[in-house]
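Student: Here is a sequence with its predicted model. Questions after.
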Amino acid sequence: LEEDAGKSLHENFPGLTALDLNRAGTPLIEIVSAPDMRSAKEAVAYMKKIHQLVRYLGICDGNMQEGSFRCDANVSVRRTGSAQLGTRTETKNLNSFRFLERAILFEVERQIEVLEGGGTVRQETRLYDPDRDETRSMRSKEEANDYRYFPDPDLLPVIIDAGFIAVVQAGMPELPEAKRARFVAAYGLGSGDAALLAASIELAAFFEAVVAAAPGSAKLAANWINGELMAALNRDATNGDALVGSAQLATGAVSPAQLAGLLRRIMDDTISGKLAKQVFELLWSEGGDADTIIDRQGLRQITDSSAIEAVIDQVLAANPDQVAEYRAGKTKVMGFLVGQIMKASAGKANPAQVNELLKRKLQ
């Protein structure tokens with residue numbers, strides 16, 4: 001348990017140091033791990049898991065750009081076969097998963113270069129410069145185990161009894177792994193889809209809100225959220241480290257009710273999956289609801305068998321060679337004919353009916 005300190009700023013103050021005290025005194029939790037990680041990717045995975053947990057628990061918004069969640073990366077190298085850990089450096093205040101990985105990779109290479117050049121790695125605090133993609137020395141550490149900027153008494157011991165722990169455990173929310181398992185058991189999702197949805201508490205809530213508004217749509221909803229919705233969020237994200245959070249889902253133009261309305265029209269065959277993508281893009285960019293967009297754009301799927309048969313007859317008459325090839329055993333021609341039929345119907349013919357009626361006519 002600590003209190004946040006002031007922040008030194010140099011970028012916009014040539015030759016000067018500015019102090020930002022906005023976060024000074026803010027309580028924070030520092031989690032210290034043992035030196036168990038062996039790669040930058042492993043360190044990033046660990047950090048992402050902690051990030052996920054604190055957001056699920058509601059104890060931190062996880063906003064890395066604003067400093068709510070940061071990492072100090074301790075890095076050391078040792079020769080293969082050596083049991084003794086090398087001298088470590090600490091790179092402070094990394095506020096991005098990408099910066100964490102790049103800082104560690106740079107520091108590993110820097111330390112190896114120092115040692116192979118016959119030098120000695122100094123124990124020190126370093127800063128990462130993302131513009132130059134390098135770490136730079138900030139200050140040395142006089143004592144390995146205990147250094148302070150100024151005299152300060154140690155905190156008194158914090159005694160946490162079993163009763164308090166039991167109360168906290170009883171009030172904890174459903175955590176990611178339990179949610180993933182429930183999504184598999186309750187909704188019949190694959191483990192991959194369930195893991196993607198459970199990775200973010202906001203995304204999981206979005207999914208369950210969609211399913212509640214469109215009963216029976218769980219698998220379809222998972223596909224659309226993990227596919228079209230995530231693609232749209234990532235496309236519009238301004239930060240490469242952006243995770244799906246409440247702010248992103250709120251500003252993203254498609255709400256659970258809107259997506260549920262779209263899925264209901266897929267499920268009742270009003271529109272095909274291909275046409276639904278057009279509707280989704282309009283929902284995202286313009287808002288409204290699926291039914292209004294479908295009617296305004298004339299996207300309702302053709303399900304009248306006689307109307308579909310008329311289009312099929314037209315395509316078969318225009319492609320006698322392909323019809324002959326199919327009847328001679330070249331069944332791959334079926335895909336070409338289906339494509340021509342869908343093109344002739346402007347994508348509105350029900351694909352299942354097209355396939356069924358076409359096979360019947362080609363027999």
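Tutor: Okay, I see it.

Student: drop to CA atoms for contacts and neighbour counts, all remaining ones
Tutor: OK.

Student: now this protein, which segments are flagged as low pLDDT?
Tutor: Counting by pLDDT under 70, the chain contains low-confidence ranges at 141-152, 237-253, 304.

Student: change it to 80
Tutor: Applying pLDDT under 80 to the chain picks out residues 1-2, 5-11, 66, 139-155, 236-253, 301-304, 346-348, 350, 363.

Student: could you pull out the strands for the stretch 251-363 of the chain?
Tutor: When secondary structure is read from DSSP state E, counting those that start in this stretch, the stretch 251-363 of the chain shows no strands.

Student: so what's residue 40 up against?
Tutor: Residue 40 makes contact with 100, 101, 102, 104, 105, according to C-alpha atoms under 8 Å, 6 or more residues apart in numbering.

Student: In helices, which of those residues appear?
Tutor: Judged by DSSP state H, the contacts of residue 40 include 100, 101, 102, 104, 105 as members of helices.

Student: how far away is the first one from residue 140?
Tutor: Between residue 100 and residue 140 the distance is 21 Å, computed by C-alpha to C-alpha, to the nearest Å.

Student: Comparing these two, which residue is more hemmed in?
Tutor: residue 100 (24 against 14; other C-alpha atoms under 10 Å).

Student: Could you dump the contacts of residue 40 into JSON lines and include distance to residue 176?
Tutor: Listed next are the contacts of residue 40 as JSON lines, based on distance: C-alpha to C-alpha, whole Å:
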{"residue": "100", "distance to residue 176": "23"}
{"residue": "101", "distance to residue 176": "24"}
{"residue": "102", "distance to residue 176": "27"}
{"residue": "104", "distance to residue 176": "28"}
{"residue": "105", "distance to residue 176": "29"}
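
Student: Now for residue 351, how many residues are close by?
Tutor: 22.

Student: Quick check, it in contact with residue 270.
Tutor: No. Using C-alpha atoms under 8 Å, residue 351 is not in contact with residue 270, being 11.9 Å away.

Student: neighbouring contacts of stretch 206-223?
Tutor: Contacts for stretch 206-223 (C-alpha under 8 Å, 6+ apart): 187-189, 193-194, 197, 225, 256-257, 259-261, 263-264, 267.

Student: From those, list just the buried residues.
Tutor: Listed as buried from these are 187, 189, 193-194, 197, 225, 256-257, 259-261, 263-264; burial here means 16 or more other C-alpha atoms under 10 Å.

Student: Take those and keep only those in helices.
Tutor: Those of the buried ones among the contacts of stretch 206-223 lying in helices (DSSP H): 187, 193, 194, 197, 256, 257, 259, 260, 261, 263, 264.

Student: ok, the second one - contacts?
Tutor: Counting by C-alpha under 8 Å, 6+ apart, residue 193 makes contact with 222, 223, 226.

Student: Scan the residues you listed and report the most crowded one.
Tutor: Going by other C-alpha under 10 Å, residue 222 tops the contacts of residue 193 with 23 neighbours.

Student: Can you give me the separation between residue 204 and residue 197?
Tutor: 5 Å.

Student: To clarify, my last question referred to residue 95.
Tutor: 24 Å.

Student: backbone phi and psi for the residue lying closest to residue 9 once chain neighbours are set aside, please?
Tutor: Closest residue to residue 9 apart from its sequence neighbours, by C-alpha to C-alpha, 6 or more residues apart in numbering: residue 18 at 5.0 Å. Dihedral pair for residue 18: phi -100, psi 150, per degrees, to the nearest 10.

Student: same check, this time on residue 134
Tutor: Dihedral angles of residue 134 (phi, psi; degrees, to the nearest 10) stand at phi -150, psi 160.

Student: Kindly confirm my reading that residue 136 forms part of a strand.
Tutor: Yes. Remark: residue 136 belongs to a strand, assigned using DSSP: H, G, I helix; E, B strand; the rest coil.

Student: hey, what's it bridged with?
Tutor: Under the criterion DSSP bridges, residue 136 forms beta bridges with residue 127.

Student: what helix or strand is the nearest residue in space to residue 19 that is not next to it in sequence on?
Tutor: In this structure, residue 19 finds its nearest non-sequential neighbour in residue 8, 4.8 Å apart by C-alpha to C-alpha, 6+ apart. Using DSSP states H and E, residue 8 maps to strand 7-9.

Student: what lines up beside that strand in the sheet?
Tutor: With DSSP bridges as the test, strand 7-9 is paired with strand 18-20 (antiparallel).

Student: Pull out the buried residues from the strand it pairs with.
Tutor: So for strand 18-20, nothing qualifies as buried (16+ other C-alpha under 10 Å).

Student: And for stretch 171-186?
Tutor: Buried, per 16+ other C-alpha under 10 Å, within stretch 171-186: 176, 179, 180, 181, 182, 183, 184.

Student: Using a markdown table, lay out the residues you listed together with secondary structure and distance to residue 87.
Tutor: As requested, those are arranged in a markdown table below (DSSP: H, G, I helix; E, B strand; the rest coil; distance: C-alpha to C-alpha, whole Å):
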| residue | secondary structure | distance to residue 87 |
| --- | --- | --- |
| 176 | helix | 36 |
| 179 | helix | 41 |
| 180 | helix | 41 |
| 181 | helix | 42 |
| 182 | helix | 45 |
| 183 | helix | 46 |
| 184 | helix | 46 |
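
Student: I'd like those residues as a markdown table, with distance to residue 300 appended.
Tutor: Output for those, formatted as a markdown table (distance: C-alpha to C-alpha, whole Å):
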| residue | distance to residue 300 |
| --- | --- |
| 176 | 39 |
| 179 | 37 |
| 180 | 36 |
| 181 | 37 |
| 182 | 36 |
| 183 | 32 |
| 184 | 33 |
